[in-house]
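Peer 1: got a predicted structure here, sequence first:
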Amino acid sequence: MPQKYKSKPQRQDNPFQQIIHENAAGIDIGAEASYVAVPADRDAQPVRRFGCFTQDLHQLVDWLLACQIQTVAMESTGVYWVPLFQVLEQRGFTVCLVNARHVKTVPGRKSDVQDCQWLQKLHTYGLLSASFRPEDEICVLRSYWRHRETLIGKAATCVQQMHKALEQMNIQLHKVISDITGQTGLAILDAILAGQRDPKQLAALKDPRIRSSHTRIAKALQGDYRAEHLFVLSQALATYRFHQDQILACDQEIETYLGRLSDRTDETKTHLRPKAHTRTKKAGTNAPTFDLRSHLYRITGVDFTQIEGLNVLTVQTILSEVGLDASKFPSSKHFASWLGLSPDNRITGDKVKSRHTKKVNNRAAKAFRIGAQSLAHSSGPLGGFYRRMRGKIGPAQANTAAAHKMARIFYCLWKCPQAYDPTAFENAEQEHKARTFAYLRKKARTLGFDLVPQTTAI
């Protein structure tokens, strides 16, 4: 049963404040209980305490319905808000999920009761901005993809444990092959754990594609095979393979779910073009086992991998965080600001004190930054832009600038599905080369030389 809680009288409302949400409630989420505040005229006890069990959540919602509440404001505290958020959405409430940082600095409001009352009051006057949350079908995909990233991280930890065990036995396998979890590395590790100690027999297991010679590999496999380190190696290898099986099962679940999403492609243009400005590379060890690029093109109608720096894994991470609906961001500037890629100008006394970007914990922003790092060796216009910025403002700021440009391009394709056309950027690249040539020719003339373009290859 919900417990009634004695509420404290609130301050008198400012007569100049305008009520935006008349039927608003505020909820302070906790691990053990939630405190709910409704307008004072809706119930004799406008603040109540409810437990965290499912039955308590439904009682909370029933009480809000009895109080004729239509919209609810709550803080995004850990993951405790998720069950209540889903129940409220299913019952037809408009839920405003608020960043706790935006309301935590209010003085004198440190109790749970006053927190929920303050949230209710701010939401009534429309002073709270809701955090972005994609559509429900994308939230399902996001949960799968985040779990997959967690599994990959755990598998990487197992690889580090295997490296440590080999180093302690002075087996320098990682110095003669690039990946100990590849075909050759796993074959050698299995043979070692099976009892094989002859370096030449172990070196004979190498794949023909390995560049290191048999002699060099055999030399690296001479070590002190101690029982305790072999036990750690066997445990780490077994755990690594377990996580790989889990990743495979997760990939199958993701592929099945992607197949259920609606098709947004144009029937007359369903062919995927090869990626421009990139060299064909072998899929990484963390790549999905199915054709993820085709699925993403089908559910979005856009091939985002045509943008320089964005591979299929990066695009999947971004889409699983931002969803398929771009209408929640009025413009590309709003989108870049939400990602934390725009300058956060702080002006005091008509002076700009800081232009640094704001700190955000955003997976989509991290994906754009990772994509921007790969532009250093790109032959396309975005690669040229990144290298120019790196020469002007340094690598860190250049990465932010390139990620910002990629995000705005992504938004344009996201909002108005169309094929990526780098012609405009290529024209800008040509104009930059022309300006550079004009500057060099003028500089040469001041030094008494004549700059002539090279027409034939040497």
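Peer 2: Yep, it's here. These numbers come from a predicted model, not from an experiment.

Peer 1: S374 reaches G309, doesn't it?
Peer 2: Yes - with contact defined as C-beta atoms under 8 Å, S374 and G309 form a contacting pair (5.0 Å). Any C-beta I mention is one placed from the backbone N, CA and C, and that applies to glycine too.

Peer 1: between these two, who's got more neighbours?
Peer 2: Neighbours were counted for S374 and for G309 using other C-beta atoms under 10 Å; G309 has more, 26 against 18.

Peer 1: helix or strand: which one has that one?
Peer 2: G309 belongs to no helix or strand when elements are defined using DSSP states H and E.

Peer 1: for it, give me its contacts.
Peer 2: Contacts here follow C-beta atoms under 8 Å, 6 or more residues apart in numbering; on that basis G309 touches G371, A372, Q373, S374, L375, S378, L382, A402, M406.

Peer 1: give me phi/psi at the residue nearest to it when sequence neighbours are not counted?
Peer 2: Leaving aside its sequence neighbours, G309 sits nearest to G371 (C-beta to C-beta, 6 or more residues apart in numbering; 3.7 Å). Torsion angles at G371 (phi, psi; degrees, to the nearest 10) stand at phi -60, psi -40.

Peer 1: do L193 as well
Peer 2: According to degrees, to the nearest 10, L193 has phi -70, psi -20.

Peer 1: ok, it to L233 distance?
Peer 2: 7 Å (C-beta to C-beta, to the nearest Å).

Peer 1: who's more crowded, those two?
Peer 2: Comparing L193 with L233 by other C-beta under 10 Å, the one with more neighbours is L233, at 23 against 14.

Peer 1: so after the one helix or strand the more buried one maps to, what's the next helix or strand?
Peer 2: Assessed by DSSP H and E, L233 sits inside helix 227-260. Per DSSP H and E, the first helix or strand lying C-terminal to helix 227-260 is helix 292-300.

Peer 1: between that next one and helix 227-260, how big is the angle?
Peer 2: 30 degrees (axes from the mean of the first three to the mean of the last three C-alpha atoms, to 10 degrees).

Peer 1: with just CA atoms, put helix 292-300 into PDB.
Peer 2: Coordinates of the C-alpha atoms in helix 292-300 are reproduced here as PDB (Å, rounded to 0.1, in the frame of the first residue of the first chain):
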ATOM      1  CA  LEU A 292      24.500  -5.200 -41.500                       C
ATOM      2  CA  ARG A 293      25.000  -2.500 -44.200                       C
ATOM      3  CA  SER A 294      22.100  -3.800 -46.300                       C
ATOM      4  CA  HIS A 295      19.800  -3.900 -43.200                       C
ATOM      5  CA  LEU A 296      20.700  -0.300 -42.300                       C
ATOM      6  CA  TYR A 297      20.100   0.900 -45.800                       C
ATOM      7  CA  ARG A 298      16.700  -0.900 -45.900                       C
ATOM      8  CA  ILE A 299      15.400   0.600 -42.700                       C
ATOM      9  CA  THR A 300      16.700   4.200 -43.300                       C
END
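
Peer 1: so where's this structure shaky on pLDDT?
Peer 2: 1-17, 104-109, 266-284, 456-458 (pLDDT under 70).

Peer 1: and Q418, how many residues sit next to it?
Peer 2: 11.

Peer 1: quick test: name the residue nearest the centre of this structure.
Peer 2: Centrality entry for the chain: nearest residue to the mean C-alpha point is R363, 2.1 Å, by C-alpha atoms, centre = their mean.

Peer 1: phi and psi next, for R209.
Peer 2: The phi and psi values for R209, taken as degrees, to the nearest 10, are phi -80, psi -10.

Peer 1: tell me where this protein has strands.
Peer 2: 3-4, 24-28, 33-37, 47-51, 71-75, 94-98, 346-348, 351-354 (DSSP state E).

Peer 1: tell me the strands beside the fourth one, with direction?
Peer 2: Pairing partners of strand 47-51, with direction, according to DSSP bridges: strand 3-4 (antiparallel), strand 33-37 (antiparallel).

Peer 1: next, the angle from that strand to strand 24-28.
Peer 2: 50 degrees.

Peer 1: please compute how far strand 47-51 lies from its chain's middle.
Peer 2: 35 Å (C-alpha atoms, centre = their mean, to the nearest Å).

Peer 1: export it as PDB, just CAs?
Peer 2: Taking Å, rounded to 0.1, in the frame of the first residue of the first chain, the C-alpha atoms of strand 47-51 are listed here in PDB:
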ATOM      1  CA  VAL A  47       2.600  14.000  -2.000                       C
ATOM      2  CA  ARG A  48       2.800  10.200  -1.600                       C
ATOM      3  CA  ARG A  49       5.500   7.600  -1.400                       C
ATOM      4  CA  PHE A  50       5.300   4.400  -3.500                       C
ATOM      5  CA  GLY A  51       7.500   1.300  -3.400                       C
END
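
Peer 1: mind listing what's buried in it?
Peer 2: V47, R48, R49, F50, G51 (16 or more other C-beta atoms under 10 Å).

Peer 1: mind putting the residues you listed in TSV, distance to L166 included?
Peer 2: Below are those laid out as TSV (distance: C-beta to C-beta, whole Å):
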residue	distance to L166
V47	61
R48	60
R49	56
F50	54
G51	51
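
Peer 1: quick one: which of those is nearest W118?
Peer 2: Nearest to W118 among these is V47, at 11.5 Å by C-beta to C-beta.

Peer 1: burial count for N170?
Peer 2: Count around N170 with other C-beta under 10 Å applied: 12.

Peer 1: residues touching the nearest residue to it once chain neighbours are set aside, list them.
Peer 2: Distances taken as C-beta to C-beta, 6+ apart place G223 nearest to N170, at 4.3 Å, with adjacent residues excluded. By C-beta under 8 Å, 6+ apart, the contact list for G223 reads L166, M169, N170, I171, Q172.
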